[in-house]
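> Predicted structure and sequence below. I'll ask about it afterward.
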Amino acid sequence: MSQPAISSAALRLSRRQNMSGVAVVRFTSGRASNSACRFAAPFSSCSATIPRSISSSLIPSTTNAPLRIPPTRRLLNYRQRCAFSTSTPRPGVRVVQNPRVDDEGNTLMMNISPRAAERLREITDPSSSPSAVKEENPYHHLRITVTSGGCHGFQYLMSLEAASKIDPEEDTIFEAEPDQGTTSGPGEAKVVMDEPSLELLSGSTVDYTMELIGSQFKIVDNPRATSNCGCGTSFDVKD
């Protein structure tokens, strides 16, 4: 095909694309003439030109557009941050002596709150004495005993005892492990219970409350208790 025929065809194609609003493709060459959109052979280079009338609709502006993160990506980033969380876990409780299980083989356990553990370590500190008369601290652990009575059928009693009061065959000893990253006192946070008492209070938490009328150890969150009295020491259990 001759050079004038190619130039005429290119001119018609260029006019048709301009009328339809489609981007115009121009092929330029150093040896091409200035007429007929400078379309010549051989084709040495090409460039695409988008009309101004449609440039705003085809190319989105990013100068002032805010960065939007999809909800799925935000959720993924949140889960990743949670997976690498460095929060300190709650201290656990271990059985020091005579672990017990129920009729179904489940371990009978007691929980000790951080406040109760801290207070027990202060009370059982060997370097301290409960009175000026006694040179040594006689307190070693907290004993919890459940007896029949009270306004709801059962009641629990608490007492501080010496280590000599522990029965190596009948008593189960629970000890709160120290918090990670904290300095614990020289005392020990131990709770001692016999088997019948442990069966009625298993899963409960030994807590230490500070109120206007006084401070005391108490049992909270007993999973077997169906009702409690106002004093908090008497409770009823499921059949």
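Looks like it came in fine.

> Surely Lys190 touches Ala117?
No: look at Lys190 against Ala117 with Cβ atoms under 8 Å: they stay out of range, at 9.6 Å. C-beta: built from backbone N, CA, C; applies to glycine.

> Would you mind telling me which of these two has more residues around it?
Taking other Cβ atoms under 10 Å, Lys190 and Ala117 do not tie; Ala117 has more neighbours (25 against 22).

> tell me which element the more buried one falls in.
helix 114-123 (DSSP states H and E).

> Could you list every helix and strand in contact with that helix?
Contacts defined by 3 or more Cβ pairs under 8 Å, 6 or more residues apart in numbering; DSSP states H and E place helix 114-123 against strand 171-176, strand 205-211.

> Let's test this: mean pLDDT of stretch 226-239, rounded?
On average, the pLDDT along stretch 226-239 is 73.

> Any buried residues in it, and which?
Buried residues in stretch 226-239, defined by neighbour count with 16 or more other Cβ atoms under 10 Å: Asn228, Thr233, Ser234, Phe235, Asp236, Val237.

> Helix or strand with the lowest mean pLDDT in the protein?
One helix or strand of the chain scores below all others by mean pLDDT, DSSP states H and E: strand 24-28, with a mean of 41.

> What are the structural domain limits within the protein?
If you go by automatic domain parsing, the domain ranges for the chain are 3-59, 93-237.

> Mind telling me which of these the model trusts least?
Among the domains of the chain, domain 3-59 scores lowest, with a mean of 45.

> outside of stretch 201-216, which residues touch it?
102, 108-113, 115-116, 118-119, 142, 144, 146, 156, 191, 193, 217-224 (Cβ atoms under 8 Å, 6 or more residues apart in numbering).
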